[in-house]
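*Asks:* Sequence and predicted structure, then a few things I'm wondering about:
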Amino acid sequence: MLHKIALDNILFLDIETVPETPDFGSLAPEKQTLWDHKSRYQRKEDQSPEDFYERAGIWAEFGKIVCISVGYFALVKGERQFRTTSFFGEEDALLRDFKNLLETHYYGPQKILCGHNAKEFDFPYIARRMLIHGITLPEKLNLFGKKPWEIPHLDTMELWKFGDFKHYTSLKLLTHVLGIPSPKDDIDGSMVGKVYWEENDIDRIVTYCEKDVIAVAQVILKLRGDELLEEDAIKHV
């Protein structure tokens with residue numbers, strides 16, 4: 001089935017998110033109460049809302065997107081190339097820029113968005129944050145009334161599940177078992193909030209995000225039985 005999808009019709013993506021404020025104390029009192037209620041069943045008995053706030057970035061209501069990285073296949077002088085680029089900075093602006101990309105280059109019915117665990121996390125998170133900012137949803141994220149087979153989304157974790165709904169496999173584990181080279185990362189997802197709020201190092205986050213986009217593309221190639229990307233075929237634009 002994957003072979004029926006032209007690689008140049010797929011937009012690979014990944015997002016990085018952080019808590020909306022540097023710390024729990026920076027939240028408005030009403031939002032602090034709402035966070036207490038929202039996180040109550042996720043916290044351990046000895047964890048306070050303040051202690052648990054470092055995980056707020058995983059909820060669109062209490063976090064924000066600081067980077068959306070995308071990648072796509074292109075044919076350059078007869079050679080296959082994979083190009084990556086990123087949207088980062090103020091959330092409202094990066095969401096509008098990403099929406100513009102979808103509406104100018106990935107609007108056709110044959111165009112597909114692809115990520116790892118993206119149906120559960122990335123796609124709904126982006127849609128929710130757009131609505132919070134008053135941004136109308138692009139067609140590729142507006143799923144209301146669509147049948148499952150009409151949704152233009154591809155998820156490498158879902159592909160790896162083979163119908164096993166209780167199974168979760170991280171992208172890092174999946175690339176390892178599939179024999180896909182994984183570049184050494186100096187951060188992981190749990191560190192993004194600290195790197196953003198304490199170190200103010202968005203470039204480090206962008207690099208990490210783009211590596212995940214490349215990894216997702218490599219997984220798709222592996223599942224198709226295609227040759228993996230060589231390092232010199234990957235370009236940042």
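*Replies:* Everything's here; your move. Numbers count the residues shown, from 1 in each chain.
*Asks:* Below-threshold pLDDT in the protein: ranges please.
*Replies:* Applying pLDDT under 70 to the chain flags residues 183-184.
*Asks:* Name the residues of the longest helix along the chain that are buried.
*Replies:* In the chain, with assignment by DSSP state H, the single longest helix is helix 202-224. By 16 or more other CB atoms under 10 Å, the buried positions in helix 202-224 come out as 202, 204-223. Quick note: C-beta positions are derived from backbone N, CA and C, even for glycine.
*Asks:* for that helix, packing partners?
*Replies:* On a contact count with 3 or more CB pairs under 8 Å, 6 or more residues apart in numbering; DSSP states H and E, helix 202-224 meets strand 10-19, strand 63-76, strand 79-88, strand 112-115, helix 156-161, helix 171-177, helix 192-197.
*Asks:* Just the CA trace of that helix, in CSV.
*Replies:* The C-alpha trace of helix 202-224 is given here as CSV (Å, rounded to 0.1, in the frame of the first residue of the first chain):
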residue,chain,number,x,y,z
ILE,A,202,16.0,27.6,20.0
ASP,A,203,18.6,26.6,17.4
ARG,A,204,19.4,23.5,19.5
ILE,A,205,15.7,22.6,19.5
VAL,A,206,15.3,23.1,15.8
THR,A,207,18.3,20.8,15.1
TYR,A,208,16.7,18.1,17.4
CYS,A,209,13.3,18.5,15.7
GLU,A,210,14.7,18.2,12.2
LYS,A,211,16.5,15.0,13.1
ASP,A,212,13.2,13.5,14.1
VAL,A,213,11.7,14.5,10.7
ILE,A,214,14.6,12.8,8.9
ALA,A,215,14.1,9.7,11.1
VAL,A,216,10.4,9.5,10.2
ALA,A,217,11.3,9.7,6.5
GLN,A,218,13.8,6.9,6.9
VAL,A,219,11.2,4.7,8.6
ILE,A,220,8.9,5.2,5.7
LEU,A,221,11.6,4.2,3.3
LYS,A,222,12.4,1.1,5.3
LEU,A,223,8.8,0.0,5.5
ARG,A,224,8.6,0.4,1.7
